[in-house]
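Novice: When you get a sec, could you give me coordinates for this:
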Amino acid sequence: MIENKSSGTGVSSGKFDSGSILGPNMNFATAEAFKLLRTNISFSIPEENTCRVIGVTSSIPGEGKTFTSINLAYSIAQTDKRVLLIEGDMRLPTIAKITKLDPSPGLSNLLVGLDQKIKVVQNYANKLHILVSGDVPPNPAELLASKRMASLMETLSEKYDYIIIDLPPVTSVSDALIVSQYVNGIIIVARQNYAYKKSFAETVRQLEQVNAKILGVVFNASHESSSGYGKKYKKYGKHYMAYYKTYQKAYEDAERR
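Specialist: This is a model prediction of the structure:
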């Protein structure tokens with residue numbers, strides 16, 4: 001378990017400006033936590049994997065998985081590795097806004113038939129490239145389970161040393177479980193005093209049921225700020241609440257039986 005403590009989780013509107021702890025503006029403690037995570041991952045996946053593909057998810061919205069995905073990808077790119085960050089959350093995309101990249105075209109556009117010769121992967125920092133989610137589709141789960149997704153992952157794996165995929169929460173939608181077939185391992189982000197124990201346990205159970213390799217847990221103990229990322233947490237949660245409430249009620253009812 002890797003514990004990530006910092007003085008705040010604020011993400012300002014600029015591209016990694018002074019109010020942020022993302023990318024080059026990570027404070028010392030945060031940067032060291034991600035270096036440790038980076039090192040642990042390198043020992044967790046065999047060297048014969050020419051491209052190491054890692055999914056990042058959580059049990060419920062608002063635990064910091066996107067924050068973790070971006071910083072992990074940036075930290076790995078600092079070691080002179082070719083890194084691609086894929087925004088696999090096509091239901092509530094946020095990476096383009098956070099990083100000030102073009103929001104479209106992106107992953108969804110490729111999966112509905114956009115010519116792969118059209119440039120959709122955007123250069124970001126050092127050797128870090130980002131494939132944003134693109135236009136919000138009506139059927140993200142079906143797109144992620146498609147043959148086009150399998151073909152795309154095969155193609156991208158030939159070009160990068162690492163691929164990090166930012167995924168939706170496991171107990172909200174099935175997307176992370178679907179994508180688990182393309183990854184070498186999954187990281188679960190758990191936020192202190194935030195996640196439900198039952199939800200976390202259910203997340204582990206569902207990932208194990210699809211034979212996903214859980215690499216470990218990132219314990220995100222950062223204090224929520226009154227602005228920036230804290231507000232994004234709340235907005236993110238609202239978009240998934242319809243999925244989550246329905247699932248959580250059914251799960252708790254089953255526990256009481």
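Novice: quick one: secondary structure of residue 129?
Specialist: Under DSSP: H, G, I helix; E, B strand; the rest coil, the three-state class of residue 129 is strand.
Novice: Please name the bridge partners of it.
Specialist: residue 84, residue 123 (DSSP bridges).
Novice: For it, give me its contacts.
Specialist: Residues near residue 129 by Cβ atoms under 8 Å, 6 or more residues apart in numbering: 82-85, 121-123, 160. Every residue, glycine included, has its C-beta placed from N, CA and C.
Novice: Can you tell me which of these is nearest residue 42?
Specialist: residue 83 (12.6 Å; Cβ to Cβ).
Novice: Show me how far stretch 35-47 is from its chain's centre.
Specialist: Relative to its chain's centre, stretch 35-47 lies at 17 Å (Cα atoms, centre = their mean, to the nearest Å).
Novice: just for this protein, where's the confidence low?
Specialist: By pLDDT under 70, the weakly predicted segments of the chain are 1-20, 24, 49, 117, 221-257.
Novice: Now do the helices in it.
Specialist: Along the chain, the stretches classed as helices by DSSP state H are 28-44, 65-77, 95-99, 107-111, 140-144, 147-157, 175-179, 197-209, 229-256.
Novice: of those, which approaches residue 128 most closely?
Specialist: helix 65-77 (3.9 Å).
Novice: now for the closest one, which elements pack on it?
Specialist: Here helix 65-77 touches helix 28-44, strand 52-58, strand 83-87, helix 95-99, strand 128-131, strand 162-166, strand 185-191, strand 214-220, going by 3 or more Cβ pairs under 8 Å, 6 or more residues apart in numbering; DSSP states H and E.
Novice: One more pass at 6 Å, please.
Specialist: Contacts defined by 3 or more Cβ pairs under 6 Å, 6 or more residues apart in numbering; DSSP states H and E place helix 65-77 against helix 28-44, strand 52-58, strand 83-87, strand 128-131, strand 162-166.
Novice: Kindly reformat the ones you listed as TSV containing distance to residue 138.
Specialist: As requested, the helices and strands packed on helix 65-77 are arranged in TSV below (distance: least, Cβ to Cβ, whole Å):
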stretch	distance to residue 138
helix 28-44	34
strand 52-58	22
strand 83-87	17
strand 128-131	20
strand 162-166	20
